[in-house]
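[1] Sequence and predicted structure are below.
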Amino acid sequence: MKINWKILGAHLLFWLLYIVIWGIHDLAFAPTFWDTVEGNVIGSLWYAVGVYINLYLLIPYLLLKNKRWAYVGLVILLMLLVSYGLAQTFAWHYLSIHKGTSDFFASVQGIANTASDFLVVYGLATCLFFINEWYIKERKLRELESQNLKAELVMLKGQINPHFLFNALNSVHVLIRTNPELATDTLEKFSDLLSHQLYDVEQDKITLSQEVQNLDNFIELQKMRHKDHVDVDWSYTGSLEGRLISPMLFLNFVENAFKHGSANGDEHVKVEISLSLAENQLSFVCSNSASEDGREPKSIGLGIANVRRRLDIIYPDKYQLSTGFDEGAYRVLLKLDISEA
């Protein structure tokens, strides 16, 4: 059986404090502190028997199993036995030291005195026990919550992956048939995208420059695919090196911009994407031309809910996300504080 030295030390400290505090209390009846130590050591041994019977037998097997009346009855019995046993031990111990003290502990008053002292120690020990149990329970709940959040983040990232891979593969497929040379460049970009998808996305944080490079590859791939249909304005400003961010926060918005952009007549679809960083404040804007009918496509709504949930988990109270139609375009604005806590 492995000894938990931390718990053992805490228990020894508790009884040491009892001996010291009760010794100071007993200075009213003894000439020096050291004259109280022997008696309080004897008292701590008796009280320890009662306390540990309560903590390791009565509480787990009766109180925590809703056998309250049996618990109360046995606690009263335990209190009487410990108080009587300690009082008789004190009566015998002080018989050769101080006859008056011995006679006091042999009386009903002496038994009542030891009972009141035991009640204080019993109550304090029981309170500390339940405080410790509450702390352990809260710690386990926090660990479980953390594990659940991590599992949820994996799931949320996984919801992005199929759309992302499908669109990228479809782009490569189109280019292989229409422009084999351009397909070679596209495959290189797709390789970088796939590497990001397989490895970077599993990390809690990546550098902002990595995330921008991933967006750049994806946008270039989409531009190759929609060469005669989409006009893209993509820019980023600010010092990105060394700044960390959760991966795959922006790709869903960019993906939707290409997927759901619509043009009037023969006009090109207009997609505008910008990312700027000023100190710790990051601003991301993504818009695409769209016919405003007051309704948001269901897939866009689900994608935004996905990203918003990730932001709630990773950047609580550190972001602002707004979406909607604005003068013939669907616009997404994300403001994010990426300062480290």
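    Perfect, I can see it now. Numbers count the residues shown, from 1 in each chain.

[2] how about the strands in the stretch 201-341 of the chain?
    206-207, 230-237, 244-245, 269-278, 281-289, 319-325, 329-337 (DSSP state E, counting those that start in this stretch).

[3] could these be laid out in TSV, adding distance to Leu74?
    C-beta: built from backbone N, CA, C; applies to glycine. Converted to TSV, the strands of the stretch 201-341 of the chain look like this (distance: least, C-beta to C-beta, whole Å):
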stretch	distance to Leu74
strand 206-207	60
strand 230-237	72
strand 244-245	58
strand 269-278	67
strand 281-289	63
strand 319-325	56
strand 329-337	57
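
[4] Mind checking those strands for the one nearest to Asn113?
    Taking C-beta to C-beta, strand 329-337 is the member of the strands of the stretch 201-341 of the chain nearest to Asn113, at 62.6 Å.

[5] returning to what we had before: I'd like the strands of the stretch 201-341 of the chain as TSV, with mean pLDDT, mean neighbour count and distance to Glu38 appended.
    Shown next, in TSV, are the strands of the stretch 201-341 of the chain (pLDDT from 0 to 100; neighbours: other C-beta atoms under 10 Å; distance: least, C-beta to C-beta, whole Å):
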stretch	mean pLDDT	mean neighbour count	distance to Glu38
strand 206-207	86	18	66
strand 230-237	90	15	78
strand 244-245	90	18	62
strand 269-278	92	18	71
strand 281-289	93	20	69
strand 319-325	90	14	66
strand 329-337	92	19	63
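
[6] and of those strands, who's closest to His173?
    Nearest of the strands of the stretch 201-341 of the chain (C-beta to C-beta): strand 230-237, 17.7 Å.

[7] With just CA atoms, put that closest one into CSV.
    Coordinates of each C-alpha in strand 230-237 appear next as CSV, following Å, rounded to 0.1, in the frame of the first residue of the first chain:
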residue,chain,number,x,y,z
VAL,A,230,-14.6,35.8,-59.3
ASP,A,231,-12.6,39.0,-58.5
VAL,A,232,-10.7,38.7,-55.3
ASP,A,233,-9.2,41.5,-53.1
TRP,A,234,-7.1,40.0,-50.4
SER,A,235,-4.7,41.9,-48.1
TYR,A,236,-3.2,41.7,-44.6
THR,A,237,-1.3,44.3,-42.6
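
[8] List the beta-bridge partners for Val230.
    Val269 (DSSP bridges).

[9] Confirm for me that it is in contact with His268.
    Yes - between Val230 and His268 there is a contact under C-beta atoms under 8 Å: 6.2 Å.

[10] Contact partners for Glu272?
    Shown in contact with Glu272 (C-beta atoms under 8 Å, 6 or more residues apart in numbering): 232-234, 285-288, 329.

[11] Tabulate these (a markdown table), appending distance to His173.
    Below are those laid out as a markdown table (distance: C-beta to C-beta, whole Å):
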| residue | distance to His173 |
| --- | --- |
| Val232 | 21 |
| Asp233 | 26 |
| Trp234 | 23 |
| Val285 | 30 |
| Cys286 | 25 |
| Ser287 | 28 |
| Asn288 | 23 |
| Ala329 | 29 |
